[in-house]
Each structure stands twice: as structure tokens, then as C-alpha cells.
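>>> pasted the sequence and its predicted model underneath.
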Amino acid sequence: MVQGTFMMHDFHYLGRELYCESVRVKDIAERVGTPFYLYSYKTFTEHVAKLQRAFKSVRPIICFSMKANSNLAVLRSLVKKGAGLDIVSGGELFRARKAGCPSSRIVYAGVGKTDREIEDAIRARILLFNVESVQELDRIERAAKRLKRKVNVSLRVNPDVDPGTHAHIATGKAESKFGLDVDTAHLIFMRRGHYPSLSICGVHVHIGSQIVRGEPFVRAFRKVLILLAHLEKEGHRIKYLNLGGGLGIIYSDERPQTADEFARQILPLFKGKKYRFIFEPGRFIAGNSGVFVTRILYIKRTKAKNFAIVDGGMNDLIRPALYGSFHDIWPLSQNGKAKKLKYDVVGPVCESGDFLAKGRFIQELNANDLIAFASAGAYGFSMSSNYNARPRAAEVLVRGSRFAVVRDRESYQVLVRGERIPKWVG
Ligand code: LLP
């Protein structure tokens, strides 16, 4: 495994010190304390621009999949650059609106939308529901009727394609809970008259995440194209084509397709088609835009291993524990020595699964040293929890030479907010 050779975009060393854009990360750590997530405005917004440029011939709506990172300042930065948002819950709708996202750029996926969530989204006049079952379609029809609105709907098609990624993040195989099989989607279009309050005007496909090759996308989109050809022959007008997210990024030695390469593979498939294209990438935009910064509490040498125990744990960054994911480790100050030692970097949580890195060769570490975990901008903070009654980490955004805490470290008070002890407990 190549380690420590890839530097993310606007995170770089100047001398031996790690910088995010023009700010020394150690200076932020001294001011904010650890652990914290650190985001680069420039990397975030440039990733959106890269996609916009690669696909400029079709002027797609880029709906950032906000489950990857839903911090309001991050969302606002992207929305200001013309991005929309892909949401999956009422909470995400709330955040999207708080961040100022125009509802005409919000699309809503997910297999378990509740009546309340559906009604809120209808009232907000979002662009499209991405519908994942016939039962959901019926619910949206009933809600639209109640609210006397005409609602735009797109059908999420499950093309039964293996994206070749971790099983937990594959979504487009027949056995997955997501989407409608092609035949059911076709049938719904044939029966669209049953849904007088809905305009069924789009097709959506998302096959999984961290896909580094174009080939599974091409296979999936070819299947969708066959469906679209049938639909158009039968006179159904399709306005929106949502090609999902899933673009992979570099964590260690991956060589994922670039936005340009992706566009070169995808655009010819849709030549001459007049759809309004939508993409909903999360990781591609957020992954390498953020790092997770921790301080070493103890170096514990056992007969078996060297453990570096840091002040951030699996509750903060669960990807290594959940998927065995690799996040590169960058010391905030390099010691300049060639000598490397092998470490397991673990958190304070009382679980053996609480590790952030295993068997890594890193410069010699000491208590109090600061280290950053790379590629943590997507599915980092957004998957964090309060397990072990640990307040969630702060989030910091850098732009040029400025930085701001965009989410406070949680206080203990926040941990017990909303809880009460009934009198009869004693
Ligand atoms: N659209 C839909 C309908 C999705 O379900 C997802 C991600 C995306 C777009 C964005 O996918 P992306 O471009 O980020 O690959 N927690 C996992 C990833 C879960 C992805 C869930 N759905 C991880 O940490 O790797």
C-alpha cells in the first residue's frame, strides 16, 4: 500500500508543517482544541466546478448528496456556486432550506419517506421525488391530492448492476432494497393515468458509492437507455434524467476516473438526448475536501503492538470500523526523519473495533503530537455519534487565510438535551 504519497488538493506541507489553503493546521488546533473536522472551501467548490466544466455541454444540475456532509456552511458554499442538493430525510430538507438552497434544485431519494416528510417536501416545492416503490408512489399521490398540488416524480430504477465496491455501499443490485426493477418502472409509466396528482417525468439511477471505474456506470446507464427508448416509443415524455452519484476518490492507491474522463465515457451514450441531466455526487465533492484532526493522548507499547491512542474515536470517524476504510495519516508537523514505526491508531471508545488505522508505518509519534486523517470530508462528521457520551467534534472551514468554527464542539449539556427523569423513577 502506498502511504503518505498522495496529498489532497488544498492540504499540503509548507516546510514540515501541514497547511489547509493558507492556514497552518496546528494554529487552528491550538485555537479550537481537538478533535475537529477541517474543511477547505476551495477544494469543496472546485470539485463542483470540475463537474460543471466536464459536463458543460449538457448543463446538468449538480445536486450535492448532503448525507456526505451536511454542515450548513459547507452547503451554503456549494449552493452559492450553483449546486443543488440531494436529500434523504425531512431533517436534510430542513438543513437544505436553512442553507438557502432553492427548492427548485432539491431532489429527494430514500426508501422510507414518511407522510410528514413527503408533505413537507411537497409544501417546499422541491424539484423531484426519486421514488423507490409502488407503495411510496401511492403515498405521494395521496399526499399531493390532500395538498392540492401537482408533484414531480422520477422513478429510481434498480438496473441490477454490480458496482464492484464494498457490499455495504452497493445499491444497484437486484437484491438491494433500493429502486424499482426495470419492468415495474415501465409498468408504472404505462399506468401513469392512475396518478392524476403526479407528473411522472423523470428516471433516476444510482448504483453505489466509491466506484472507481467507468464501466459499471456505463452498464447501468445502457440498461436505463433501453428503458428510456421503450418509454419514448410509447409516447411518455421524460424530462429529467438523474444519473446519481457514486464517483470514487483517492484514499490510498486508487486511480479513479476524473470528472473529464467520466464525462467522456458518459456523454456519448446520451448524444442527441434532450433531458435535463442531474448528478448527485457526495464523496467526489466532499471526500478530499476535509480531514479529521486529533491529538495523541498516549503511546502504549504492548508485547504485540505500538498503539497511538488519540482523542478522536469511532464515534467521530466510523468508516474504518464499519467498512475497514483506509484514511491516510498526516502528522501536523513532520519530524523530517526517515525512521518509521508501525502503529495501530486507536480511539478512547470502549470497543476493540474503535480503530482509525491499523499497522501503519508513520514517523515516530509522541504524546501530544497532532495527526490528521485524510479524505475525511465525506461520511465523516455526518456519520458521527455520541457513543460513550462523547460530545461530537467541532467543524472548521478554511477559505484562503481565514478560518471559522462552523460547528461548535458539543458541550456536555448538549448530550442530555431533551432527556428527562420521570418522578416515578424515584
Ligand atoms: N445518491 C443516492 C441516492 C445515494 O444513496 C448516495 C449515497 C449518493 C447519491 C451519493 O453517493 P456518493 O457520490 O457519495 O458515492 N457511508 C458510506 C457511503 C454511503 C453512500 C450512501 N448513498 C461511506 O462512508 O463510504
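Good, I have the coordinates.

>>> contact residues of the protein facing the ligand?
Counting by CB under 6 Å from any ligand atom, the residues of the chain close to the ligand are 65, 67-68, 86, 109, 169, 171, 206, 209-210, 244-247, 280-284, 319, 323, 378-379, 383. The C-beta positions use only the backbone N, C-alpha and C, and glycine is treated the same way.

>>> the same query, at a cut-off of 8 Å, please.
Neighbours of the ligand within the chain, by CB under 8 Å from any ligand atom: 65, 67-68, 86, 88, 109-110, 130, 156, 166, 168-169, 171, 178, 204, 206, 208-211, 244-248, 280-287, 319, 322-323, 325, 378-379, 383.

>>> ok, which stretches of the stretch 101-250 of the chain are strands?
For the stretch 101-250 of the chain, the strands defined by DSSP state E, counting those that start in this stretch occupy 106-108, 128-131, 151-158, 180-181, 198-204, 240-242.

>>> any regions of the stretch 1-150 of the chain where pLDDT drops low?
Counting by pLDDT under 70, the ranges of the stretch 1-150 of the chain that qualify are 1-6.

>>> correct me if wrong: Ala54 contacts Gln265.
No - Ala54 is beyond contact range of Gln265, at 10.7 Å (criterion: CB atoms under 8 Å).

>>> which residues touch the residue minimising distance to the centre of the chain?
Centrality entry for the chain: nearest residue to the mean C-alpha point is Ala68, 2.1 Å, by CA atoms, centre = their mean. Ala68 makes contacts with Gly282, Arg283, Ile285, Ala286, Gly287, Gly377, Ala378, Tyr379, Ser382, as judged by CB atoms under 8 Å, 6 or more residues apart in numbering.

>>> same check on Ser154?
Val107, Leu128, Phe129, Asn130, Val131, Ile200, Cys201, Gly202, Val203, His204, Tyr240, Asn242.

>>> quickly name whichever of those is closest to Val25.
Nearest to Val25 among the contacts of Ser154: Val107, at 34.8 Å, using CB to CB.

>>> okay, now that closest one: neighbour count?
26 (other CB atoms under 10 Å).

>>> what does Tyr19 give?
Neighbours of Tyr19 (other CB under 10 Å): 19.

>>> thought Tyr13 was touching it, still the case?
Yes - look at Tyr19 against Tyr13 with CB under 8 Å: they come within range, at 7.1 Å.

>>> and the closest residue to Lys177 other than its chain neighbours, what does it touch?
Leaving out its chain neighbours, the residue that sits closest to Lys177 by CB to CB, 6 or more residues apart in numbering is Val111, at 5.5 Å. Val111 makes contact with Glu132, Ser133, Glu136, Lys177, Phe178, according to CB under 8 Å, 6+ apart.

>>> which of the residues you listed are buried, as a PyMOL select command?
Buried residues within those, by 16 or more other CB atoms under 10 Å, are selected in PyMOL with:
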select buried, resi 132+133+136+178
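
>>> turn the contacts of Val111 into CSV, including distance to Asp408.
Listed next are these as CSV, based on distance: CB to CB, whole Å:
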residue, distance to Asp408
Glu132, 36
Ser133, 39
Glu136, 37
Lys177, 36
Phe178, 35
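
>>> report the buried residues of stretch 209-216.
Going by 16+ other CB under 10 Å, stretch 209-216 has these buried residues: Ser209, Gln210, Ile211, Val212, Gly214, Pro216.

>>> list the contacts for the fifth one?
I take that to be Gly214. Taking CB under 8 Å, 6+ apart, we find Gly214 in contact with Gln257, Glu261, Phe262, Gln265, Ile266.

>>> where do the helices of the stretch 301-426 of the chain begin and end?
Here the stretch 301-426 of the chain has its helices, by DSSP state H, counting those that start in this stretch, at 319-323, 412-415.

>>> so which of those is the most surrounded?
helix 319-323 (a mean of 18; mean count of other CB atoms under 10 Å).

>>> who are the contact partners of the closest residue to the residue nearest to the centre of the chain other than its chain neighbours?
Leaving aside its sequence neighbours, Ala68 sits nearest to Gly282 (CB to CB, 6+ apart; 3.1 Å). Contact analysis of Gly282 by CB under 8 Å, 6+ apart lists Phe64, Ser65, Met66, Lys67, Ala68, Asn69, Asp86, Ser209, Gly245, Ala378, Tyr379.

>>> repeat for Glu141
Glu141 sits next to His194, Tyr195, Pro196, Ser197, Leu198 when contact means CB under 8 Å, 6+ apart.

>>> if you rank those by neighbours, which is first?
Greatest neighbour count in the contacts of Glu141, by other CB under 10 Å, goes to Leu198: 21 neighbours.

>>> pretty sure Ser133 contacts Lys177?
No - Ser133 lies out of contact with Lys177 (CB under 8 Å); the separation is 9.3 Å.

>>> for the stretch 301-426 of the chain, which segments count as strands?
In the stretch 301-426 of the chain, the strands defined using DSSP E, counting those that start in this stretch lie at 306-310, 329-331, 340-346, 355-363, 370-373, 394-399, 402-407.

>>> tell me what angle the third one forms with strand 355-363.
It stands for strand 340-346. 160 degrees (axes from the mean of the first three to the mean of the last three CA atoms, to 10 degrees).
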